[in-house]
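Participant: okay, here's the prediction I keep looking at, along with the sequence it came from:
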Amino acid sequence: MKQSDELVSRACAGDDAALADLICSVWPDAYRIAWSIVRNRSVAEDAAQEACARAWRGLKSLRRRERFAVWFYRIVVNEARRAQTTMRRDESVEAVAVHDETSPDDRIAVRAAIETLEPRLRLPIVLRYYYGLRGAEIAQVLGAPAVTVRWWLMLAHRRLRVALDDSASPSQHTAPQDGRFKDESIAAG
Amino acid sequence: MNQSQQVERARDAVGAYVETIDVPQYNARAIRARANAIALPRVMPRWAAAAAAACVVFVAFVVGSPAVRAQVEQMLHAFAVSGGQQVPVAVNEVTLDQARHDMPFAVVAPAAIPAGFTPRIDELTPSSSRLDARLVFRYQGPGSVPGLTIMESRANRGAPEQTKLWMTAGGGAPQAPPAMNNVPPGQHAFVQFHRDGGLTQRVRVEPISWVVRGTRVDLISPPGLLTPMQLAAIRREMSH
């Protein structure tokens, strides 16, 4: 999350313009996280809007402003999960519009591998690598024990390893000697 | 590919995956409207929150005569004490659909109730405010007086209050509420047995309380009626 501490502080202090700017700036994050969970455009938009509305109303009660990102992502995850439970299963998966034909084949392959991950594995990977959260923060966002999050990350890495290895150029391709994919996020968890 | 290269490629791939998710346009008006519709949680000092919790769940059941419980109709009466004032409470038996229509909160249908328990649903509506209405599911279990009771109410209620229920067995005119002196304050429920106007037995019950979808649920089960696993199953199934 790229929101400045100053913007968060001003919003928390009751600056309505800052609050509007802050919510606007986190909207893409809210939608993408919600979409990663529900995989349905309208349901994800609904959940993201609800999360933004709740953040709007509840921001003044946030005591540790440096924790804004984790606090907000947690709201989004909760709203998306709530929306998911009310969504019929056959509506849960939409055609995935993330394939960019201009991308190299290997990137398409890796992204397809991410797509095929179960939500419980995909979201921790997204939070780790795109949003830069540490393991403990991911655990707070997902409401799961840190050890469980570390396990999910490890499973996700294992599943992705095949796609990553396959997509690497032959000159770069070297399988890990111990057959396991060790990642900095696990050590940092 | 070494480990750092793998990490870098994973980061790159995840970034590409996330950024190609097509984000709909930000709709400030819709979000503002939703924000205005969300009721702010009441912020109150810790001591006040504790006091509210202590008062809200105080429930007492008084049964005229356990011995004749099974043979006669039981009548449920209730009153509320709010701000020191006793408030009449209307008691109406309803169906679940009626309750869903009437109640000012999301009714959580009881689930995982063990077989053999027959339900009755009563709306408790104080004359002071319909917003403070409660819904009571009473399950008469085999060999227990009274049975399992589930009370539902709005989670963000106003002033703390006490709700007292009592049942008379044997029909006839409603009796005056029995004295409930010497009941210590706290988040408890009591089952009291009266005979010939005198208190014969009082059993303290620890209610199990939780909030789901803005509804506060209080589960009250006399000791020994249900196992901890059965109680946990009810709570789990009623927490969605």
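Facilitator: Happy to help now that I have it.

Participant: shaky segments in the chain?
Facilitator: If you meant another chain, say so; for now it's chain A. For chain A, residues meeting the criterion pLDDT under 70 lie at A:1-3, A:86-110, A:163-189.

Participant: my question was about chain B, not that one.
Facilitator: Counting by pLDDT under 70, the ranges of chain B that qualify are B:1-2, B:37-87, B:128, B:141-146, B:156-206.

Participant: using PDB, write down the CA coordinates of the biggest helix by length in it.
Facilitator: Criterion DSSP state H: the longest helix present in chain B is helix B:3-19. Taking Å, rounded to 0.1, in the frame of the first residue of the first chain, the C-alpha atoms of helix B:3-19 are listed here in PDB:
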ATOM      1  CA  GLN B   3      16.400 -19.200  -4.800                       C
ATOM      2  CA  SER B   4      16.700 -15.500  -5.200                       C
ATOM      3  CA  GLN B   5      15.800 -15.700  -8.900                       C
ATOM      4  CA  GLN B   6      12.800 -17.800  -8.000                       C
ATOM      5  CA  VAL B   7      11.700 -15.300  -5.500                       C
ATOM      6  CA  GLU B   8      12.200 -12.500  -8.000                       C
ATOM      7  CA  ARG B   9      10.200 -14.300 -10.600                       C
ATOM      8  CA  ALA B  10       7.400 -15.100  -8.200                       C
ATOM      9  CA  ARG B  11       7.200 -11.400  -7.200                       C
ATOM     10  CA  ASP B  12       7.200 -10.400 -10.800                       C
ATOM     11  CA  ALA B  13       4.500 -13.000 -11.700                       C
ATOM     12  CA  VAL B  14       2.300 -12.100  -8.800                       C
ATOM     13  CA  GLY B  15       2.700  -8.400  -9.600                       C
ATOM     14  CA  ALA B  16       1.700  -9.000 -13.200                       C
ATOM     15  CA  TYR B  17      -1.200 -11.200 -12.100                       C
ATOM     16  CA  VAL B  18      -2.600  -8.600  -9.700                       C
ATOM     17  CA  GLU B  19      -2.100  -5.600 -11.900                       C
END
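
Participant: which other helices and strands contact that helix?
Facilitator: helix A:105-116, helix A:119-129, helix A:146-167 (3 or more CB pairs under 8 Å, 6 or more residues apart in numbering or on different chains; DSSP states H and E). (C-beta placed from N, C-alpha, C; glycine too.)

Participant: pick the most deeply packed of those helices.
Facilitator: Mean neighbour count (mean count of other CB atoms under 10 Å in any protein chain shown) peaks for helix A:119-129 among the helices and strands packed on helix B:3-19, with a mean of 23.

Participant: tell me the domain ranges of chain B?
Facilitator: Domains of chain B are assigned by automatic domain parsing as B:3-36, B:58-173+B:188-237.

Participant: re earlier: tabulate the helices and strands packed on helix B:3-19 (a markdown table), appending distance to A:Leu62.
Facilitator: Listed next are these as a markdown table, based on distance: least, CB to CB, whole Å:
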| stretch | distance to A:Leu62 |
| --- | --- |
| helix A:105-116 | 31 |
| helix A:119-129 | 19 |
| helix A:146-167 | 22 |
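
Participant: would JSON lines of those helices with distance to chain B be doable?
Facilitator: Formatted as JSON lines, these follow (distance: least, CB to the nearest CB, whole Å):
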{"stretch": "helix A:105-116", "distance to chain B": "4"}
{"stretch": "helix A:119-129", "distance to chain B": "4"}
{"stretch": "helix A:146-167", "distance to chain B": "5"}
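
Participant: which one, of the ones you listed, ends up nearest to A:Ser61?
Facilitator: helix A:119-129 (23.4 Å; CB to CB).

Participant: following that closest one, which helix or strand shows up next?
Facilitator: helix A:135-142 (DSSP states H and E).

Participant: packing partners for that following helix?
Facilitator: On a contact count with 3+ CB pairs under 8 Å, 6+ apart, helix A:135-142 meets helix A:68-86, helix A:119-129, helix A:146-167, helix A:184-188.

Participant: what does chain B put close to chain A?
Facilitator: Residues of chain B lying near chain A by CB under 8 Å from any CB of the partner chain: B:1-3, B:5-7, B:9-18, B:20-24, B:26-28, B:30-32, B:34-35, B:37-38, B:40-41, B:43, B:240.

Participant: if we go to 7 Å?
Facilitator: Taking CB under 7 Å from any CB of the partner chain as the test, the list of chain B residues beside chain A reads B:1-3, B:5-7, B:9-11, B:13-18, B:20-24, B:26-28, B:30-31, B:34-35, B:38, B:40, B:43, B:240.

Participant: quick one, helices of chain B?
Facilitator: Under the criterion DSSP H, chain B carries helices at the ranges B:3-19, B:28-37, B:46-56, B:96-102, B:228-237.

Participant: could those be laid out in CSV, adding mean neighbour count?
Facilitator: As requested, the helices of chain B are exported to CSV (neighbours: other CB atoms under 10 Å in any protein chain shown):
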stretch, mean neighbour count
helix B:3-19, 18
helix B:28-37, 14
helix B:46-56, 14
helix B:96-102, 14
helix B:228-237, 14
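
Participant: hmm, back to that, just want the angle from the longest helix of chain B to helix A:146-167.
Facilitator: Direction vectors for helix B:3-19 and helix A:146-167, defined by axes from the mean of the first three to the mean of the last three CA atoms, to 10 degrees, enclose an angle of 100 degrees.

Participant: specify the angle between helix B:3-19 and helix A:119-129 in degrees.
Facilitator: Going by the same axes, to 10 degrees, helix B:3-19 makes 110 degrees with helix A:119-129.

Participant: now do the buried residues in whatever helix or strand A:Ser9 lives in.
Facilitator: For A:Ser9, the element it lies in under DSSP H and E is helix A:5-12. By neighbour count on 16 or more other CB atoms under 10 Å in any protein chain shown, the buried set for helix A:5-12 is A:7-8, A:10-12.

Participant: one more: stretch B:114-124?
Facilitator: Buried residues in stretch B:114-124, counted by 16+ other CB under 10 Å: B:117, B:121-124.

Participant: what's in contact with that stretch?
Facilitator: Here stretch B:114-124 makes contact (CB atoms under 7 Å, 6 or more residues apart in numbering or on different chains) with B:76, B:78, B:89, B:91-96, B:99, B:102, B:133-142, B:147-148, B:163, B:226, B:230.
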